[in-house]
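In: Kindly generate the corresponding structure for this input.
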Amino acid sequence: MEENKPLTKMSLLKSLLSPSTLPHLLMLAIVSITFFVLARMDAEVWAAYGFVAFSVAYLCLAPLSKNERLGTILRYSKDSDSTLAQSFTARLKILILPLILGLILMFFAYLIFGENGMLSQVGSFLPATLGSLFIIWAIAQGRFFGLATMNAINVPEEGENSLDGYSHLPSLVMTSTLVVVLTFAVTEGLRFFLGNSSFSLWPYLFSFAVYGLCIYITWGQRKQASMNSATHTVARKWFWATQLFITWHVLSIFRSIDTASTDTLIFIEELFLMVVTVFLAIWALTSKGEGSESALFTRENALFWGVSFGYAYAGSVAMITSVMDDVRTVLIGGHVLVVATVMWSQRTMLESKTQRINSDRGIIESVEDLKIYDEPQTEPVAEKEIETPEPETNEQDSPANEDSIGDPIDWNQKPEALGDSTEWDDEIELLD
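Out: Model (predicted):
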């Protein structure tokens with residue numbers, strides 16, 4: 001894959017589904033199902049060892065997979081002359097290193113957390129600890145979705161301020177229409193395919209009740225964003241995406257509560273949600289936005305990070321379902337956490353995004369208003385062109401300038417004393 005290509009969601013998805021690393025995903029599915037069955041057979045501790053070991057194994061291999069030599073061991077290189085059997089064998093070879101490393105780490109986990117291990121007391125809580133990660137994954141799913149959709153929205157370059165704010169009515173009408181369409185498509189589509197002829201109004205009430213709650217708790221942030229056309233546009237588009245995501249999870253909660261829904265349908269939906277969660281997690285780690293890429297999480301090793309997260313996600317679901325013995329209750333709790341996280345993100349993320357856009361726009365406006373004055377540069381004058389100006393004389397001012405400073409002075413002249421110009425009588429009359 002070329003390094004100079006910008007990182008996008010599509011390029012990341014192609015990297016995850018690349019044929020050169022596809023066997024790792026297949027092993028993820030097979031190993032996870034094996035450990036899930038093991039957990040249901042009252043062997044939760046061994047299943048927890050396995051999920052943690054394989055997750056850590058791929059966690060170690062992910063940053064090292066960028067090495068050219070190790071990368072050739074972990075990736076399949078297609079050979080045009082190889083037969084189907086030979087290519088199948090070559091594809092299995094790339095699984096040898098992570099499989100051996102996972103089994104070794106699983107053995108070390110038993111030595112450390114087993115009955116005779118140094119941390120045997122901690123090992124008894126390992127399944128419950130791994131199951132608690134389900135809560136983290138549910139929260140992360142909502143948070144990562146908010147980040148991914150917010151980064152995908154292009155901020156308008158120019159915006160106009162409004163004292164009263166732009167109207168919320170078009171945005172509310174459009175969002176309401178999208179909620180109705182999604183609710184109708186999911187509910188009635190499943191009812192048609194499942195052959196269930198009964199119509200229920202509850203899904204529509206569920207989705208619109210949550211939608212009204214979202215409008216209520218985010219009204220202040222919407223009002224703040226509506227003061228500028230740029231932030232108003234970002235808020236409108238982002239609420240479309242987040243509200244549809246919330247509606248989808250609300251309908252999933254309703255289907256989990258409804259006894260008419262089949263476990264197969266719920267399993268397919270949760271599997272799809274797991275894939276979406278892992279993809280959003282990798283996207284948030286590998287990129288800070290469209291076109292930017294981190295040094296540790298790249299397209300080349302994104303698959304290995306995803307597989308590591310996949311083992312952790314599957315392990316948390318397996319542990320919590322084995323403890324509670326009720327898959328639907330667990331899934332309902334996960335959906336509730338996702339909805340609550342996205343609703344909370346609608347407040348915090350929109351407020352932060354609005355402030356950041358206004359701050360950046362204020363800096364740009366201050367820079368544009370800043371005037372820089374250059375000092376005038378005098379042109380060099382040739383020496384021949386420089387003329388010494390002659391002093392101008394004014395005949396009218398010449399008498400006044402005779403006693404000016406610098407005139408010749410006779411220092412031998414006797415200074416004139418006070419009284420020299422006074423005439424005195426020769427006779428002096430003395431009075432008695």
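
In: can you pull the pLDDT of S352?
Out: Per-residue pLDDT puts S352 at 88.

In: What's the separation between it and L271?
Out: 33 Å (C-beta to C-beta, to the nearest Å). (Each C-beta comes from the backbone N, C-alpha and C, glycine too.)

In: Then T341?
Out: As judged by C-beta to C-beta, T341 and L271 stand 20 Å apart.

In: Of those two, which one has the most company?
Out: T341 (21 against 12; other C-beta atoms under 10 Å).

In: Please look at the more buried one and I135 and confirm they touch.
Out: No - counting by C-beta atoms under 8 Å, T341 does not reach I135; the two are 10.4 Å apart.

In: G333 and A138: what is the separation?
Out: Counting by C-beta to C-beta, the separation of G333 from A138 is 8 Å.

In: And those two? Which one has more around it.
Out: Neighbours of G333 and A138, each counted by other C-beta under 10 Å, are more numerous for A138; the result is 25 against 17.

In: so the more buried one is in which element?
Out: Assessed by DSSP states H and E, A138 sits inside helix 126-152.

In: ok, and for that helix, which residues are buried?
Out: Residues of helix 126-152 classed as buried by neighbour count (16 or more other C-beta atoms under 10 Å): 126-127, 130-131, 133-134, 137-151.

In: Low-confidence ranges, the protein, go.
Out: Filtered on pLDDT under 70, the chain yields the residue ranges 1-9, 79-86, 191-197, 259-267, 284-297, 323-327, 361-432.

In: show me what contacts the closest residue to S226 other than its chain neighbours?
Out: Spatial nearest neighbour of S226, chain neighbours left out: G165 (3.8 Å); criterion: C-beta to C-beta, 6 or more residues apart in numbering. Neighbour list for G165: 223, 226-227, 232 [criterion: C-beta atoms under 8 Å, 6 or more residues apart in numbering].

In: Most neighbours of all those residues, which one?
Out: Of all those, H232 has the most neighbours under the rule other C-beta under 10 Å, reaching 24 neighbours.

In: Spell out the secondary structure type for that one.
Out: Of the three states, H232 takes helix under DSSP: H, G, I helix; E, B strand; the rest coil.

In: Confirm for me that it is in contact with Q224.
Out: No - in this structure H232 lies outside contact range of Q224 using C-beta under 8 Å: 9.9 Å.

In: can I assume M118 sits in a strand?
Out: No - applying three-state DSSP, one finds M118 to be coil, outside a strand.

In: got the phi/psi numbers for the nearest residue to it once chain neighbours are set aside?
Out: Closest residue to M118 apart from its sequence neighbours, by C-beta to C-beta, 6+ apart: I112 at 5.9 Å. Phi and psi for I112, reported as degrees, to the nearest 10, are phi -90, psi -40.

In: I'd guessed I112 sits against L119; true?
Out: Yes - contact criterion C-beta under 8 Å: I112 and L119 qualify, at 5.4 Å.

In: about what we covered before: quick check: which helices or strands does the following helix or strand past the helix holding A138 pack against?
Out: Later in the chain than helix 126-152, the nearest helix or strand by DSSP H and E is helix 169-194. Here helix 169-194 touches helix 202-217, helix 229-257, going by 3 or more C-beta pairs under 8 Å, 6 or more residues apart in numbering; DSSP states H and E.

In: Give me the distance between the residue nearest to N161 when sequence neighbours are not counted and E160.
Out: Nearest residue to N161, sequence neighbours excluded (C-beta to C-beta, 6+ apart): N228, at 5.4 Å. Separation of N228 from E160 (C-beta to C-beta): 7 Å.

In: any idea what R299 is structurally, helix, strand or coil?
Out: Secondary structure, three-state DSSP: R299 is coil.

In: count of neighbours near it?
Out: Counted with other C-beta under 10 Å, R299 comes out at 22.

In: That one contacts L13, doesn't it?
Out: No - with contact defined as C-beta under 8 Å, R299 does not reach L13; the gap is 10.1 Å.

In: Just give the number of residues close to the residue nearest to N161.
Out: By other C-beta under 10 Å, neighbour count at N228 equals 22.

In: Repeat that for R356.
Out: Other residues close to R356 by other C-beta under 10 Å number 12.

In: Tell me the spacing between E44 and L105.
Out: Distance, E44 to L105, by C-beta to C-beta: 18 Å.

In: What is the nearest of the contacts of G165 to L64?
Out: Distance to L64, by C-beta to C-beta, is smallest for H232 among the contacts of G165, at 46.7 Å.

In: Let me see the contact set for the spatially closest residue to L126 that is not a sequence neighbour.
Out: Using C-beta to C-beta, 6+ apart and skipping residues adjacent in sequence, the residue nearest L126 is A48, 4.7 Å away. Residues in contact with A48 (C-beta under 8 Å, 6+ apart) are 39, 126-127, 130, 315, 319.

In: so D42, which of the three states?
Out: The local conformation at D42, judged by three-state DSSP, is coil.

In: so who does the closest residue to V234 other than its chain neighbours touch?
Out: Closest residue in space to V234, ignoring its immediate chain neighbours: I153 at 5.4 Å, by C-beta to C-beta, 6+ apart. Taking C-beta under 8 Å, 6+ apart as the criterion, I153 is in contact with 234, 237-238.

In: separation between the nearest residue to F245 once chain neighbours are set aside and T277?
Out: Nearest residue to F245, sequence neighbours excluded (C-beta to C-beta, 6+ apart): F145, at 5.7 Å. Distance of F145 to T277, computed by C-beta to C-beta: 9 Å.

In: likewise L25?
Out: Distance from L25 to T277, by C-beta to C-beta: 15 Å.

In: Of the two, give the one with the bigger neighbour count.
Out: Using other C-beta under 10 Å, the more surrounded residue of L25 and T277 is T277, with 22 against 17.

In: what's next to stretch 178-187, contact-wise?
Out: 200, 203-204, 207-208, 211, 240, 243-244, 247-248, 251.

In: and with 6 Å instead?
Out: For stretch 178-187, the external contacting residues (C-beta atoms under 6 Å, 6 or more residues apart in numbering) are 203-204, 207, 211, 244, 247, 251.

In: Spell out the secondary structure type for S200.
Out: Assignment for S200 (three-state DSSP): coil.
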